[in-house]
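The sequence and its predicted three-dimensional model are supplied below.
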Amino acid sequence: MISCLHKWLKRGKIEVLKASEGKGYLFYGKEEVVVALGHKALGTTLPEQKSAVKKTAAIIADLVEAGAELVITHSNAPQVGMIHTAMNEFGKVHSDYTAVPMSVCSAMSQGYIGYDIQNAIRAELLRRGIFKPVSTIITQVTVDPYDDAFHEPVKVIGRVLTEEEAELEEQKGNYVTKVEGGYRRIVAAPKPQDVVEIDAIRTLSDAGQIVIACGGGGIPVLEQQASLNGASAVIEKDLVSGKLAELLDAEELLILTSVEKVSLNYQSDKEEKIEKMDVETAKKYMQENQFGASTMLPKVEAAVSFVEKKAGRKAVITSIDRAKEGFLGKTGTVIE
């Protein structure tokens with residue numbers, strides 16, 4: 001209790017209410033929650049994104065009214081691919097422009113997605129009579145240059161390439177994979193090591209602001225002496241969300257996706273929804289390959305990594321439409 005009070009006091013999130021009987025005081029501390037938004041929260045095209053973020057902003061405002069102090073992460077899978085394709089096509093037409101690296105494309109996606117999200121949230125809060133600043137931080141995330149992922153790239157990006165274009169990519173040192181209709185470029189998905197802008201994120205969050213950070217998993221960078229150099233990679237958004245929640249010492253990690261609860265034997269006759277599981281049970285299910293490698297697995301992995309590092313932490317995985325109920329413990333899969 002004392003440690004919680006100390007943390008809440010440090011964050012300026014204590015409200016002291018006099019007890020009705022006059023026998024003392026009640027301490028009410030708002031809960032810091034890292035919310036990970038998936039693709040459904042953003043859409044794909046610019047018009048879709050404008051529409052989607054309005055609905056997402058209402059969901060975020062519901063969480064604020066329910067007592068959550070929020071730090072928000074988000075995906076960028078379709079958006080960063082569009083930027084990468086557009087910049088490369090531009091470079092083909094204008095020979096004096098060089099190809100744009102993935103790290104720069106990631107930074108661009110953080111900027112324009114964050115811009116839409118923060119403006120939508122600000123407007124929704126003001127409509128409800130809530131004044132709460134919303135900020136987006138362009139966030140870099142360090143990765144290990146010796147991560148095995150660099151030798152086994154799996155993340156598909158960009159448009160479909162012809163065989164000739166694929167050969168040119170390989171000559172540049174990039175990886176490609178054969179897909180229906182041609183080839184596509186693939187990049188590494190290394191594990192996040194640290195969040196470079198963590199002090200700025202913490203300062204804004206402690207000041208009571210809503211912070212949007214680590215968009216698309218963050219900009220992957222390699223530490224080389226005093227420099228941070230962009231890596232040709234994409235970091236899994238859910239894993240970064242778990243790392244961010246850990247570094248902020250948040251009380252909860254809320255991962256919002258397209259299903260209300262995590263399932264065993266997903267989409268089979270034996271499908272079984274999970275209400276709650278502890279860390280050991282979650283690890284057992286992961287070893288049994290119960291979760292899709294590119295869908296539910298990184299979410300469960302992020303939840304486990306966050307929860308197991310400190311007692312009292314909680315992670316919830318649920319659908320974006322049930323976010324408030326998930327935060328209040330009324331639905332979703334709880335890992336603690």
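Cool, the structure landed.

Please make it C-alpha for all contacts and neighbour counts, starting now.
Noted.

Count the residues that sit near the residue lying closest to A77 once chain neighbours are set aside.
Once flanking residues are discounted, A77 sits nearest to G216: 7.0 Å by CA to CA, 6 or more residues apart in numbering. Residues lying near G216 (other CA atoms under 10 Å) number 29.

Which pLDDT value belongs to G216?
We have a pLDDT of 94 for G216.

pLDDT wise, what is the nearest residue to K30 once chain neighbours are set aside at?
Nearest non-adjacent residue to K30, counting by CA to CA, 6+ apart: G67, 5.6 Å away. We have a pLDDT of 94 for G67.

The residue nearest to A77 reaches I235, doesn't it?
Yes. Under the criterion of CA atoms under 8 Å, G216 makes contact with I235 at 7.3 Å.

which residues in the stretch 1-150 of the chain form helices?
2-11, 46-65, 77-93, 102-127 (DSSP state H, counting those that start in this stretch).

what's the model's confidence in the longest one, averaged?
Mean pLDDT, helix 102-127: 95.

List the buried residues of it.
Within helix 102-127, the residues scored as buried using 16 or more other CA atoms under 10 Å are 102-111, 113-114, 116-125.

likewise the second one?
Neighbour-count burial for helix 46-65, with 16+ other CA under 10 Å as criterion, is recorded at 49-64.

now do stretch 241-248
Neighbour-count burial for stretch 241-248 [16+ other CA under 10 Å]: S241, G242, K243, L244, A245, E246, L248.

Three-state assignment for the second one, please.
At G242, secondary structure determined by DSSP: H, G, I helix; E, B strand; the rest coil is helix.

returning to what we had before: hang on, the residue nearest to A77 is in a helix, isn't it?
Yes. Counting by three-state DSSP, G216 is located in a helix.

pLDDT and distance to D278 for the buried residues of stretch 241-248 - can I get that in JSON lines?
Listed next are those as JSON lines, based on pLDDT from 0 to 100; distance: CA to CA, whole Å:
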{"residue": "S241", "pLDDT": "98", "distance to D278": "19"}
{"residue": "G242", "pLDDT": "97", "distance to D278": "16"}
{"residue": "K243", "pLDDT": "98", "distance to D278": "19"}
{"residue": "L244", "pLDDT": "98", "distance to D278": "21"}
{"residue": "A245", "pLDDT": "97", "distance to D278": "18"}
{"residue": "E246", "pLDDT": "97", "distance to D278": "17"}
{"residue": "L248", "pLDDT": "97", "distance to D278": "22"}
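
Make CSV out of the residues you listed and add distance to R202.
Formatted as CSV, the buried residues of stretch 241-248 follow (distance: CA to CA, whole Å):
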residue, distance to R202
S241, 14
G242, 15
K243, 13
L244, 10
A245, 10
E246, 12
L248, 6
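
ok, those vs T333, which is closest?
G242 (15.8 Å; CA to CA).

what sits against the closest one?
L253, A302, A303, S305, F306 (CA atoms under 8 Å, 6 or more residues apart in numbering).

most surrounded residue in those residues?
Among those, the one with the most neighbours (other CA under 10 Å) is A303, at 31 neighbours.

Provide the contact partners of stretch 159-168 at residue level.
G81, T85, V176, V179, G181, G182, Y183, R184, R185.

I'd guessed L37 sits against V71; true?
No. No contact is recorded between L37 and V71 when judged using CA under 8 Å, the distance being 10.8 Å.

which of those two has more neighbours?
Between L37 and V71, counted using other CA under 10 Å, the more crowded position is V71 (29 against 25).

so the more buried one touches V33, yeah?
Yes. Using CA under 8 Å, V71 is in contact with V33, at 6.4 Å.

Strands along the stretch 201-336 of the chain, start to end?
For the stretch 201-336 of the chain, the strands defined by DSSP state E, counting those that start in this stretch occupy 210-212, 219-224, 227-230, 252-257, 263-264, 272-273, 276-277, 314-319, 333-335.

Let's have these in CSV, adding distance to I130 and mean pLDDT.
Converted to CSV, the strands of the stretch 201-336 of the chain look like this (distance: least, CA to CA, whole Å; pLDDT from 0 to 100):
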stretch, distance to I130, mean pLDDT
strand 210-212, 12, 98
strand 219-224, 32, 96
strand 227-230, 38, 95
strand 252-257, 22, 97
strand 263-264, 37, 94
strand 272-273, 36, 94
strand 276-277, 33, 96
strand 314-319, 25, 97
strand 333-335, 29, 97
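
now K55: how far from D62?
Look at K55 and D62: by CA to CA, to the nearest Å, they are 11 Å apart.

just so I know, which of the strands of the stretch 201-336 of the chain lies nearest P145?
Once the strands of the stretch 201-336 of the chain are compared by CA to CA, strand 219-224 is nearest, at 6.7 Å.

Parallel or antiparallel, list what pairs with that closest one.
strand 140-143 (parallel), strand 227-230 (antiparallel) (DSSP bridges).

deepest of the ones you listed, which one?
Mean neighbours per residue, mean count of other CA atoms under 10 Å, is largest over those for strand 140-143, with a mean of 24.
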